[in-house]
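Colleague: I'll drop the sequence and a predicted model, then ask my questions.
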Amino acid sequence: GIEWGSNLDILNDVIVTEITATNFKKCTKAFDSNRFGNATTELPIYLFDKNGRFYEVLIGFSGKNNYESILNHLFSLHGKPEFDLEHMWRGNQSEIVLNFNADRSGGFVQYQHKPTIEKWYEEETDEERQQRLKSIGSILSMISTASESKKKDQCFVATAVYESAASSEVEILRAWRDSV
């Protein structure tokens, strides 16, 4: 994994896939795993703030079996959630949220670095907050939308980052994925 607050500039295996209007970075990691416990997931999306510090990771998944496997894995790692109905765990450094939409048969796991998020609340302007939340919202929307489709040729992380399965960048990444 990546240690909270790690600076993007010193991480050799992290690939920047998008820079937002407020200079936040969406990234993937070379040779990352699509497993979370025993569940099969999409590749994680790592988020870095405008200063290049790691603060959040989002992991999408589809299917009720994967949801139940992830939930059991989180129980084994962190115990009973603080907010059981929302499947939310809060520690001193991290907040974890497990979201599952039964209608779409998919969801995501979200890990956030609490001290970084709390600092933003004090420092960022309303416009910066709206841009940051919009960027995260677009990722979460792509995770939910992608879980609806079971197409084998889907390149989920790239589609989430570039916001279109038809973008040239996604086509290049899909071709590379299928050649290895």
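Modeller: Received the coordinates, thanks. Numbering: from 1, shown residues only.
Colleague: shaky segments in this structure?
Modeller: 83-86, 132-133, 135-180 (pLDDT under 70).
Colleague: Nearest residue to the middle of it?
Modeller: Leu58 (1.6 Å; C-alpha atoms, centre = their mean).
Colleague: did I read that right, that one in a strand?
Modeller: Yes - with DSSP: H, G, I helix; E, B strand; the rest coil as the criterion, Leu58 is part of a strand.
Colleague: ok, so what distance separates it from Phe24?
Modeller: 13 Å (C-beta to C-beta, to the nearest Å). For glycine as for every other residue, the C-beta is placed from the backbone atoms N, C-alpha and C.
Colleague: Between those two, which contacts overlap?
Modeller: Leu47 (C-beta atoms under 8 Å, 6 or more residues apart in numbering).
Colleague: and the helix or strand where Phe100 lies, how far from the chain's centre?
Modeller: Secondary-structure assignment from DSSP states H and E places Phe100 in strand 94-101. Using C-alpha atoms, centre = their mean, to the nearest Å, the mean C-alpha position of strand 94-101 is found 11 Å from that of the whole chain.
Colleague: partner strands of that strand, parallel or antiparallel?
Modeller: strand 88-90 (antiparallel), strand 106-113 (antiparallel) (DSSP bridges).
Colleague: for those strands, which one sits closest to Thr28?
Modeller: The closest of those to Thr28 is strand 106-113. By C-beta to C-beta, the value is 15.2 Å.
Colleague: chain center to the closest one, what's the gap?
Modeller: 6 Å.
Colleague: got a list of contacts for it?
Modeller: Residues contacting strand 106-113 (C-beta under 8 Å, 6+ apart): 4-5, 36, 41, 54-63, 67, 70, 74, 93-101, 140, 143-144, 146-148.
Colleague: Show me what the nearest residue to Val14 once chain neighbours are set aside is bridged to.
Modeller: Closest residue to Val14 apart from its sequence neighbours, by C-beta to C-beta, 6 or more residues apart in numbering: Cys27 at 4.9 Å. Beta-bridge partners recorded for Cys27 (DSSP bridges): Val16, Tyr46.
Colleague: and Cys27, what does it touch?
Modeller: Leu8, Val14, Ile15, Val16, Thr17, Ile45, Tyr46, Leu47, Phe48.
Colleague: same thing but at 6 Å, please
Modeller: Val14, Ile15, Val16, Tyr46 (C-beta atoms under 6 Å, 6 or more residues apart in numbering).
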